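Asker: give the three-dimensional model of this entry:
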Amino acid sequence: MLKNTVLEPPDTHYMSAAEGWMDLGDLNEALSELSQISAEKQDHFDVMQLRWHVHNKRKEWEDCLRIGRSMISANPDLPQGWINHGNALFYLNRYEEAFHLLHPVLEKFPSDEAIPYNLACYKCQSGELMEARRWLERAYAVGDSGRIRKMALNDPDLKPLWTHSGAV
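Answerer: Coordinates of the predicted model:
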């Protein structure tokens, strides 16, 4: 069950404003709007998710790491907190730690294509290209292979695969 599932006005207005500011590129205003959300709704999944994305755009990886952990604590049955936490570790160049965090939850979320895709990125950046290829193929099998392939071809985290094998 999602913690604090319903956001109501005025919190919904602050969320909308934060999303708007983020889309416009004013990340300070986005955080300012998020800070106005009521204290009891600060751990709402959508609030934490948006906050994570704002800090991600600001390249504030330690904040992303903290928020990812909070997302897992509040909603361990949703894959996005795990993915966000793993990606924060990845952005901190802690590839193996990211892999070891996310790999066990693959069993919990077998149909989530983002998990094997991210595992492929982690292994690729660790220099383990054959294993990265296997994880990417698993992502193709789980999700929309055409869409994932297109995404992979434009993902700089998978660039070593492009040069190693010519295509993803």
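Asker: wait, what's in contact with the residue most central in space within the chain?
Answerer: Geometric centre of the chain, nearest residue: residue 84, 3.4 Å, by Cα atoms, centre = their mean. Residues near residue 84 by Cβ atoms under 8 Å, 6 or more residues apart in numbering: 49, 52, 64, 67, 68, 71. For glycine as for every other residue, the C-beta is placed from the backbone atoms N, C-alpha and C.
Asker: quick one: buried ones out of those residues?
Answerer: Buried subset of the contacts of residue 84 (neighbour count, 16 or more other Cβ atoms under 10 Å): 49, 52, 64, 67, 68, 71.
Asker: rewinding a little: for the residue nearest to the centre of the chain, helix, strand, or coil?
Answerer: On the three-state scheme (DSSP: H, G, I helix; E, B strand; the rest coil), residue 84 is labelled helix.
Asker: in whichever strand or helix holds residue 148, what counts as buried?
Answerer: Take DSSP states H and E as the rule and residue 148 turns out to sit in helix 145-153. Residues of helix 145-153 classed as buried: 148, 151, 152 (neighbour count, 16+ other Cβ under 10 Å).
Asker: same question, stretch 75-95
Answerer: By neighbour count on 16+ other Cβ under 10 Å, the buried set for stretch 75-95 is 75, 78-91, 94-95.
Asker: and the contacts of residue 84, which of them are in helices?
Answerer: Counted as lying in helices by DSSP state H, out of the contacts of residue 84, are 49, 52, 64, 67, 68, 71.
Asker: for those residues, give me a markdown table that also has pLDDT.
Answerer: Shown next, in a markdown table, are the ones in helices among the contacts of residue 84 (pLDDT from 0 to 100):
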| residue | pLDDT |
| --- | --- |
| 49 | 98 |
| 52 | 98 |
| 64 | 98 |
| 67 | 98 |
| 68 | 97 |
| 71 | 97 |
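Asker: what's the farthest-apart pair in these?
Answerer: 49 and 64 (11.3 Å; Cβ to Cβ).
Asker: from residue 5, how far off is residue 142?
Answerer: With the distance defined as Cβ to Cβ, to the nearest Å, residue 142 ends up 27 Å from residue 5.
Asker: tell me which of the two has more neighbours.
Answerer: Using other Cβ atoms under 10 Å as the criterion, residue 142 and residue 5 rank with residue 142 on top: 19 against 9.
Asker: show me what contacts the more buried one?
Answerer: Contacts for residue 142 (Cβ under 8 Å, 6+ apart) come out as 110, 111, 112, 113, 116.
Asker: test for you: state the pLDDT assigned to it.
Answerer: pLDDT recorded at residue 142 is 96.
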